[in-house]
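**Q** Pasted the sequence and its predicted model underneath.
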Amino acid sequence: MNNDEYREEFGISDRDLEDAMGRRSGFRRLTKEQQIYGVFNDSDAEEETTVSRKQKKSYTTPLSFVAGGVVQAGKKKEDLGEDEEAEMEEEEETIIHTLKGRKRTAARQTGKSKGEMGNWEAHTKGIGAKLLLQMGYQPGKGLGRELQGISKPIEAVLRKGRGAIGAYGTEVPIAPEPVPEEEKELKPHQWRSEGKKKNKANYVYKTIEEVIEEESKGGRRVVRTQVDNKVKVIDMTGPEQRVLSGYHAISSQAAVVDLTREFAHYDIPELRHNVTLFVDMCEHEIIRNARELNHAHDRIVGLEQEENTLKILVEREESQLKSSTRLLGILEDLEKRFRDISNPLTLSYLASVLTQLQTEYYEEYHLYEMGNLANSYLVPLMRERLSLWQPLSSPKEHVTLFQQFKDILENQTRLTQISPYYGLIWNAWMPLFRIAVSSWNCRICDPMIDFIEVWLPLLPPTIFQNILHHFILPKIQSEVDTWNPLTDTIPIHSWVHPWIPLLGQNLDIVYPTIRQKLGFALINWHPSDKSARLVLEPWLTVFPKAHMDAFLIKHIVPKLAKELNAMTINPQSQVLDQWNWVMAWEDLLPIVQVTTMLEKFFFPKWLQVLATWLNHNPNYEEVTNWYKGWKVLFPENIAKHPSVKEQLTKALDIMNRAVQMANEAPPRVQQPFIPFPTRPALLPTPPPRINQPQIRVEMSIPSGFKDLVIRRCEERGILIMPVDRWQEGKQVYKCGSGFIYFDKNVIFAKDYGTRWIPISIQTLLETVGS
């Protein structure tokens with residue numbers, strides 16, 4: 001029996017603290033008898049004691065003393081008389097009788113409190129019962145309007161341990177077991193609290209199946225036959241502290257000894273411990289055997305599954321062995337026919353064998369890479385078939401044959417350099433192509449282009465790029481190097497432009513050579529020769545626009561500017577040959593270059609002739625017709641240009657001022673004047689080509705500040721040219737890598753941002769030159 005269930009609580013309660021600090025209002029002084037006997041005081045004496053408020057002590061009354069008796073010093077007990085001994089015995093009997101009566105009274109009160117409900121109201125005014133009866137409560141029945149509530153009050157239930165609510169099952173109190181009469185009597189040497197029951201040992205019997213099932217659910221603890229560790233654990237959860245050998249011993253509880261059982265004097269703790277250990281070891285052995293049995297069952301299932309897998313693998317290996325045997329027979333027959341002269345191997349038979357291998361032996365075909373048989377059997381047969389083939393004369397021959405093997409060898413896979421079809425093209429087809437390219441004339445490009453276009457769907461991309469970069473393009477580049485535009489009768493664009501769809505930007509490496517040779521041919525060219533336009537016109541869409549404009553500005557514009565500068569303005573007999581030669585290039589040249597030439601070499605002379613004519617009292621109607629005739633000669637896009645409009649407006653202002661001055665001045669004699677034709681004359685027959693040195697078009701003396709800047713830039717090799725931009729109504733020029741414009745003999749240059757700042761000529765030349 002566990003001793004912690006029969007011990008008194010000697011701790012300090014809240015009531016004790018209140019009594020010690022004097023906070024209780026209803027505190028009363030204990031009587032002398034209560035101080036002596038405590039809780040064992042007789043109930044009759046307790047009933048006689050009345051509770052009264054503490055009265056104030058009067059200090060005016062006389063002092064009184066309590067007699068304590070006379071004690072004779074030095075007198076021993078055996079020296080007392082008979083009367084004194086009898087008196088002491090009576091006092092002892094009185095104390096014993098009082099203790100027994102106190103215990104019987106406490107027992108009667110305990111039994112009475114357990115049998116009745118609400119018995120505490122005997123000590124109160126019964127306000128709780130009165131309120132319930134006023135609300136309609138009927139004793140012995142449930143609460144509520146329909147009497148559906150509980151009929152008994154909620155009772156406190158002592159749980160087995162310290163778990164939460166519901167951890168040990170239902171909270172309904174269990175009826176106490178009847179206690180035998182002999183156990184109700186208290187023994188003199190025992191001290192225990194009232195109202196507590198004695199626990200009896202319960203024995204549980206389990207079968208092997210129950211033990212295994214409990215272990216499978218995780219309810220069994222692992223039995224430990226040895227100490228897991230050397231940690232010292234002190235258990236203070238019980239009435240006494242226990243020193244344990246480890247944490248595993250916490251859950252092991254000592255068996256409760258029932259002293260009332262028969263043979264209780266023969267209870268041996270060592271024997272009980274050994275029996276418990278044997279039981280635990282037996283359970284552990286049962287659990288271990290069950291685990292080994294489950295493991296054996298799992299192992300059997302695994303071995304059966306492995307057996308089935310091995311059977312399937314053996315069947316598959318046997319099938320592969322039979323398939324490999326048949327495949328070996330086909331390959332041996334193929335090798336035999338390849339070496340047999342009487343029954344040689346043919347391309348059609350080889351194609352059928354490869355098709356059979358792909359369909360019937362798909363896995364072996366890809367596993368052993370049998371497509372490489374093309375390098376061993378197909379290439380020699382294909383070389384023999386192509387030995388007499390002329391690719392450029394009959395490009396479509398053998399296309400069907402290669403298409404058949406392309407479908408077989410590719411097998412709808414991506415082409416790579418190591419594919420069998422790639423090897424067939426490289427080893428059988430490419431040697432014949434190299435021979436054909438070596439004898440091909442690059443200026444007759446149609447046969448080669450037709451051949452490549454026919455075979456383009458059958459060529460792997462890498463081989464096609466190899467053909468273009470290592471055979472076609474070097475051949476074209478070599479032919480361009482030997483081309484002479486002055487002596488060759490076949491235009492270069494007729495055999496270079498057809499390769500543009502196939503080569504594309506790869507031809508950019510030959511364009512600089514072509515422009516260089518065309519520029520060399522235009523050194524002795526005269527604007528009256530129309531052949532230069534016919535040669536350059538096909539390259540307008542081929543050359544980049546920037547490169548083409550730079551080429552025309554360098555080789556064509558100076559020739560046209562020279563002719564325009566040499567043109568004579570004569571209203572009486574006007575010759576328009578130079579004008580027509582210049583206007584023939586207006587659709588090829590940048591419009592800015594055309595307007596710049598007119599503004600520099602034509603309009604100064606034209607306005608000067610107009611002013612001179614108006615100073616000689618002309619016929620204003622003839623002057624008007626002359627002005628209109630020249631305006632018609634300007635193409636529409638040039639006539640709408642701002643610089644040309646500005647020059648024509650100046651001419652109208654001069655004519656208006658002349659008319660106003662003529663109205664104010666006295667009349668003068670009108671001079672005869674031959675009217676200017678309203679339609680341009682036909683171009684005369686150009687003179688024959690004459691080998692003459694190139695003449696640089698430049699003026700001996702600059703006519704203005706802008707001409708001075710342009711001449712200084714030309715002397716330093718700086719390219720200055722107008723662009724199609726305007727700033728504050730002024731023409732913008734590109735000078736080197738920067739942009740400038742002129743405003744009242746001042747140069748404005750654009751800095752790194754968006755500002756235009758004035759600079760000097762020397763600063764401009766240093767900045768652009770560096």
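**A** Happy to help now that I have it. Residues are numbered from 1 along each chain as shown.
**Q** Next, the distance between the ends of stretch 548-564.
**A** Taking C-alpha to C-alpha, to the nearest Å, stretch 548-564 runs 22 Å from one end to the other.
**Q** show me the contacts for Met597.
**A** By C-beta atoms under 8 Å, 6 or more residues apart in numbering, the contact set of Met597 is 557, 560-561, 564, 582. Just so you know, the C-beta spots here come from the backbone N, C-alpha and C atoms, and that holds for glycine as well.
**Q** run the last query once more with 10 Å
**A** Going by C-beta atoms under 10 Å, 6 or more residues apart in numbering, Met597 touches 557-558, 560-565, 582, 586, 589, 603, 697.
**Q** And for Gln593?
**A** The contact partners of Gln593, taken as C-beta under 10 Å, 6+ apart, are 549, 552-553, 556-557, 560-561, 585-586, 721-722.
**Q** do that again at 7 Å, thanks
**A** With contact set as C-beta atoms under 7 Å, 6 or more residues apart in numbering, Gln593 has these partners: 553, 557.
**Q** for this structure, longest strand please?
**A** strand 720-727 (DSSP state E).
**Q** Now tell me what touches whichever helix or strand comes after that one from outside.
**A** Helices and strands here follow DSSP states H and E; after strand 720-727, the next one along the chain is strand 730-735. Strand 730-735 is contacted from outside by 643, 713, 718, 720-723, 725-726, 739-743, 764, 768, using C-beta under 7 Å, 6+ apart.
**Q** which of those are buried?
**A** The neighbour-count test (16 or more other C-beta atoms under 10 Å) marks 643, 713, 718, 720-722, 739-742, 764, 768 as buried among those.
**Q** Counting by contacts, list what the longest helix along the chain packs against.
**A** Using DSSP state H, we find that the single longest helix of the chain is helix 269-339. Under the contact criterion of 3 or more C-beta pairs under 7 Å, 6 or more residues apart in numbering; DSSP states H and E, helix 269-339 touches helix 208-216, helix 362-367.
**Q** switch the cut-off to 6 Å
**A** Applying 3 or more C-beta pairs under 6 Å, 6 or more residues apart in numbering; DSSP states H and E, one finds that helix 269-339 contacts helix 208-216.
**Q** any idea of the angle the helix it packs on forms with helix 269-339?
**A** Computed by axes from the mean of the first three to the mean of the last three C-alpha atoms, to 10 degrees, the angle separating helix 208-216 from helix 269-339 equals 70 degrees.
**Q** And the next helix or strand past helix 208-216?
**A** The helix or strand immediately downstream of helix 208-216 is strand 233-235, counting by DSSP H and E.
**Q** what's the following helix or strand after that following strand?
**A** Per DSSP H and E, strand 233-235 leads on to strand 242-244 as the next helix or strand towards the C-terminus.
**Q** what packs against that next one?
**A** Using 3+ C-beta pairs under 6 Å, 6+ apart: strand 242-244 touches strand 233-235.
**Q** The strand it packs on pairs with which strands, parallel or anti?
**A** Note on strand 233-235: by DSSP bridges, its sheet partners are strand 242-244 (antiparallel).
**Q** where does the stretch 401-550 of the chain have low pLDDT?
**A** Residues of the stretch 401-550 of the chain that meet the criterion pLDDT under 70 lie in 411-418.
**Q** Low-confidence ranges, the stretch 151-300 of the chain, go.
**A** The model of the stretch 151-300 of the chain has pLDDT under 70 over residues 163-164, 166, 168-203, 218-231, 246-267.
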